[in-house]
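Enquirer: Could you look at this predicted model? Sequence included:
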Amino acid sequence: MAVDGFVWLHEFVAQGAREVLIHKNIAPVVDAFAWRCKRWIQQGINLIIVFDGLKPPIKGGTTASRYQRRMKNLAMIEGLLEGDEDGIEIDDALLKTAAAVTPEVVHETILGLRRAGIPYLIALTEVDAML
């Protein structure tokens, strides 16, 4: 079964947004991804993870507007953290809207898949169009 790796990465980054954004720790995302893969394989599923390749030009506007929204929310979070001496609580919904699947997250996830011997490939373009 081929799985769009970015779907899972977006899910795990959103779930771990506090850890990823505030503590700058992506290890839980990588671990959760590998754990899910291993669980599926243990269930007898022949799994291959497929990651997006190049973005098609038609998605440029959508990608840019998402990026701008994410950067605005990230700036808001960083502003809240600047004067945070009393442990201010940042809303999880805001954290999720600012969290992103960065190249570092993808790279570390791929390294984790390699270490675990889990097959993956990088598509020529977006996975949605290829699966």
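Expert: Nice, thanks for sending it over.

Enquirer: dump the residue contacts of residue 29.
Expert: Contact analysis of residue 29 by C-beta atoms under 8 Å, 6 or more residues apart in numbering lists 9, 12, 13, 16, 20, 105, 109. Yep, even glycine has a C-beta here, placed from its N, CA and C like the rest.

Enquirer: what would those residues look like in JSON lines with secondary structure?
Expert: Formatted as JSON lines, the contacts of residue 29 follow (DSSP: H, G, I helix; E, B strand; the rest coil):
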{"residue": "9", "secondary structure": "helix"}
{"residue": "12", "secondary structure": "helix"}
{"residue": "13", "secondary structure": "helix"}
{"residue": "16", "secondary structure": "coil"}
{"residue": "20", "secondary structure": "helix"}
{"residue": "105", "secondary structure": "helix"}
{"residue": "109", "secondary structure": "helix"}
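
Enquirer: If you average pLDDT per helix and strand, which one of this structure comes out bottom?
Expert: helix 127-130 (a mean of 60; mean pLDDT, DSSP states H and E).

Enquirer: any idea which of the contacts of residue 29 has the most stuff around it?
Expert: Tallying neighbours with other C-beta atoms under 10 Å puts residue 109 at the head of those, with 27 neighbours.

Enquirer: OK, contacts around that residue?
Expert: Residue 109 neighbours (C-beta under 8 Å, 6+ apart): 5, 9, 29, 30, 33, 34.

Enquirer: Quickly find the element holding the last one.
Expert: With elements delineated by DSSP states H and E, residue 34 resides in helix 27-42, which encompasses its position.
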